[in-house]
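Visitor: kindly return the folded structure for what I paste below:
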Amino acid sequence: MPAPPLEGPGLLTRHVRVQDADVVLLRAIVEAYEGLAAFYGDGSGLIALSAPLDRARELDQLVDDLALEIPLTRVDPIDPPG
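Guide: Next up is the predicted model:
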């Protein structure tokens with residue numbers, strides 16, 4: 001069983017859905033941005049990205065950019081941090 005996403009004060013979580021073939025690519029890209037977000041998946045293609053609030057804009061921009069390159073769908077709307 002995978003660990004649940006980090007949640008709590010000072011953190012936000014964004015959910016995206018990707019095809020199985022793109023999970024490893026998405027993980028590699030997110031992990032290349034050290035400290036940007038923690039990556040959680042349960043094998044269903046639904047991915048949770050937990051990030052510090054002060055990096056919300058950077059994470060949202062990365063997700064938007066990746067959506068232009070790979071089949072990626074935001075599952076939840078963007079809420080402004082805070």
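
Visitor: endpoints of stretch 52-60, how far apart?
Guide: 12 Å (C-alpha to C-alpha, to the nearest Å).

Visitor: before we move on, what SS does residue 31 have?
Guide: On the three-state scheme (DSSP: H, G, I helix; E, B strand; the rest coil), residue 31 is labelled helix.

Visitor: tell me where this structure has strands.
Guide: Assigned by DSSP state E, the chain shows strands spanning 11-18, 38-41, 46-52, 72-74.

Visitor: what's the closest of those to residue 30?
Guide: strand 38-41 (5.1 Å; C-beta to C-beta). Any C-beta I mention is one placed from the backbone N, CA and C, and that applies to glycine too.

Visitor: would you mind measuring from the residue most central in space within the chain to residue 43?
Guide: Centroid-nearest residue in the chain: residue 49, 3.0 Å away (criterion: C-alpha atoms, centre = their mean). Separation of residue 49 from residue 43 (C-beta to C-beta, to the nearest Å): 16 Å.

Visitor: so which of the strands of the chain is the most packed in?
Guide: Across the strands of the chain, the average number of neighbours (mean count of other C-beta atoms under 10 Å) peaks for strand 46-52, which reaches a mean of 20.

Visitor: circling back to that earlier point, let me have the strands of the chain in TSV, adding distance to residue 61 and mean pLDDT as columns.
Guide: Formatted as TSV, those follow (distance: least, C-beta to C-beta, whole Å; pLDDT from 0 to 100):
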stretch	distance to residue 61	mean pLDDT
strand 11-18	11	92
strand 38-41	17	88
strand 46-52	12	92
strand 72-74	13	89
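
Visitor: which sections of this protein are below the confidence cut-off?
Guide: Across the chain, the ranges flagged by pLDDT under 70 are 1-8, 77-82.

Visitor: try 90
Guide: Counting by pLDDT under 90, the chain shows low-confidence ranges at 1-11, 20-21, 34-35, 40-46, 69, 73-82.

Visitor: ok so, going back, and the residue nearest to the centre of the chain, what does it touch?
Guide: By C-beta atoms under 8 Å, 6 or more residues apart in numbering, the contact set of residue 49 is 5, 13-16, 30, 37-40, 59, 63.
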